[in-house]
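[1] Got a predicted structure plus its sequence, pasted below:
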Amino acid sequence: MTEDSEPHSPPIIVTGYMHSGTTLVQTVLGKNDKVFVGGGETRHFSHLSVIERKFPDLNDEQTLSDYVTYLLQVICTGYARVNYLSSETDAMQLLADCGLCENDVEQLLPVARTNRDYATLLGDAYGYLTLKKGKERWLDKSPSYSTILDKILEHYPDAQIIEMVRDPRDILASKLRRSKK
C-alpha cells in the first residue's frame with residue numbers, strides 16, 4: 001500500500017444503542033460498491049485497553065506483526081471470533097478463511113512500522129482491505145462506540161458518524177422478540 005493508493009474518503013462509524021438499527025444500516029451501506037464492511041464488530045475502541053495489554057509493545061517486531069495479523073482477522077470476522085482462537089494454526093486458518101494469507105500481513109507491515117499507534121493501525125488495516133476489495137472507504141460499527149465518539153474523532157477527525165436513535169419501547173420490543181426465538 002502506497003500513500004497515493006490509500007482511500008481518500010473518510011471512514012464511516014455507525015453506532016447507537018443495541019437493537020436500534022445499527023446492523024441494518026451497516027448491511028445497507030455495505031451493499032454500496034464503494035463501502036468496505038468487514039465481517040463483524042471490531043469493538044476496537046471499546047476494547048483498546050485489553051488490546052494494549054495483549055499487544056503491549058508495538059516497537060517489538062513480533063508484537064507488531066501479531067497485532068497486524070489480529071487487526072486483519074478482527075476486521076474480517078469480528079471481535080468475538082478472533083478472541084476465542086486457541087492456537088497459531090487457528091489464527092492462520094482464520095486468515096485463510098478471510099481470503100488472506102501471511103503475505104497480506106507482510107504487505108501491511110511497512111506501513112505499520114511508520115506509526116505504531118493502535119488506532120492508526122486499525123485505519124491502515126481497514127485501508128489495506130478496502131483497497132484490496134476495490135472499495136473507496138470503510139465502515140466500522142459498534143453500539144458501544146456511542147460513549148466514546150470523542151476518542152474515535154481524535155484519531156479520525158474526518159469520520160462520518162451515524163448514530164442510530166430509536167424509541168426505547170421499540171428497542172425493548174425487539175429484545176423481547178429476539179429472546180423468544
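    Looks like it came in fine.
[2] Give me the helices and strands touching the helix or strand hosting Glu106, please.
    Applying DSSP states H and E as the criterion places Glu106 in helix 102-115. Judged by 3 or more C-beta pairs under 8 Å, 6 or more residues apart in numbering; DSSP states H and E, helix 102-115 is in contact with helix 61-77, helix 88-97, helix 118-132. All C-beta atoms are positioned from the backbone trio N, CA, C, and that covers glycine.
[3] What are the buried residues along that helix?
    Asp104, Val105, Leu108, Val111, Ala112 (16 or more other C-beta atoms under 10 Å).
[4] Next, format those residues as a markdown table and append distance to Val50 and pLDDT.
    Compiled in a markdown table, the buried residues of helix 102-115 are given as follows (distance: C-beta to C-beta, whole Å; pLDDT from 0 to 100):
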| residue | distance to Val50 | pLDDT |
| --- | --- | --- |
| Asp104 | 24 | 94 |
| Val105 | 21 | 93 |
| Leu108 | 22 | 95 |
| Val111 | 24 | 94 |
| Ala112 | 20 | 95 |
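[5] between the residues you listed, which is closest to Leu176?
    Closest approach to Leu176 among those (C-beta to C-beta): Asp104, at 42.4 Å.
[6] List the single closest residue to that closest one in space, sequence neighbours excluded.
    Computed as C-beta to C-beta, 6 or more residues apart in numbering, the closest residue to Asp104 that is not its neighbour in sequence is Leu72, at 6.2 Å.
[7] isn't the one you found right up against Val105?
    Yes. Judged on C-beta atoms under 8 Å, Leu72 makes contact with Val105 at a distance of 6.7 Å.
[8] do you know how far Val67 is from Leu58?
    Not quite, residue 67 is Tyr, not Val. According to C-beta to C-beta, to the nearest Å, Tyr67 and Leu58 sit 6 Å apart.
[9] Quick check: neighbours shared by these two?
    Common neighbours of Tyr67 and Leu58, using C-beta atoms under 8 Å, 6 or more residues apart in numbering, are Ala112, Tyr118, Leu121.
[10] how about the last one, what does it touch?
    The neighbours of Leu121, taking C-beta under 8 Å, 6+ apart as the test, are Leu58, Tyr67, Val68, Leu71, Ala112, Asn115.
[11] Put together TSV for the residues you listed, with distance to Gly40 on each row.
    Below are these laid out as TSV (distance: C-beta to C-beta, whole Å):
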residue	distance to Gly40
Leu58	24
Tyr67	18
Val68	18
Leu71	13
Ala112	22
Asn115	25
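[12] Thanks again, I'm all set now.
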